[in-house]
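Participant: here is the input, now give the coordinates:
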Amino acid sequence: MPLTIHSATGDHHFTVQVAATAEQQEHGLMFTRSLADDEGMIFPYDPPQNVSFWMKDTLIPLDMVFIRADGTIARIATAKPLDETNVPAGEPVAAVLEIRGGLALQLGIHAGDKVEWGQ
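Facilitator: Numbering: from 1, shown residues only. Here you go, the predicted structure:
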């Protein structure tokens, strides 16, 4: 599914897998060995929820982009491989986008930027 993040540095386009079911969300990107700069996975929540993620069995660093119901980014957290520490959204979110670790900083993506995808 196509996804675009609109930031001060421009529009950043991704093709994302959708983790729509509970089973898909539980598995996420576990055991993935690489992720291209234009790839990711989105975890949608309807209704919005105050979720938390961890990196159990996740082999690569990931940026977790927590997205509000209005499409704005609430916060971004970079998580380390295999870390079982919970990474909380901090507020109810409509989705969480996972992209390659460090990519948000590299692209100049920040809290408050707008995310659009085919919901």
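
Participant: can you list phi and psi of residue 59 for me?
Facilitator: Phi and psi for residue 59, reported as degrees, to the nearest 10, are phi -90, psi -10.

Participant: ok, it touching residue 81?
Facilitator: Yes - counting by Cβ atoms under 8 Å, residue 59 touches residue 81, with 5.4 Å between them. Bear in mind the C-beta positions are built from the backbone N, C-alpha and C, glycine included.

Participant: now the spatially most central residue of the chain: closest residue in space, sequence neighbours ignored.
Facilitator: For the chain, residue 97 is the residue whose C-alpha lies nearest the centre (Cα atoms, centre = their mean; 1.7 Å). Nearest residue to residue 97, sequence neighbours excluded (Cβ to Cβ, 6 or more residues apart in numbering): residue 65, at 4.0 Å.

Participant: in the lowest-mean-pLDDT helix or strand in the chain, which residues are buried?
Facilitator: Least confident element among the helices and strands of the chain, by mean pLDDT, DSSP states H and E: helix 22-27 (a mean of 90). Neighbour counts over helix 22-27 (16 or more other Cβ atoms under 10 Å) mark residue 25 as buried.

Participant: contacts for that helix?
Facilitator: 18-19, 43 (Cβ atoms under 8 Å, 6 or more residues apart in numbering).

Participant: and if you look at stretch 44-60?
Facilitator: 18-20, 28-35, 43, 62, 64, 68-69, 79-96, 98, 100-101, 119.

Participant: try it again with 7 Å
Facilitator: The contact list for stretch 44-60, computed with Cβ atoms under 7 Å, 6 or more residues apart in numbering, reads 18, 20, 29-35, 64, 69, 79-89, 91-96, 101, 119.

Participant: report how many residues lie close to the residue lying closest to residue 118 once chain neighbours are set aside.
Facilitator: Leaving aside its chain neighbours, residue 118 sits nearest to residue 1 (5.4 Å; criterion: Cβ to Cβ, 6+ apart). By other Cβ atoms under 10 Å, 12 other residues sit near residue 1.
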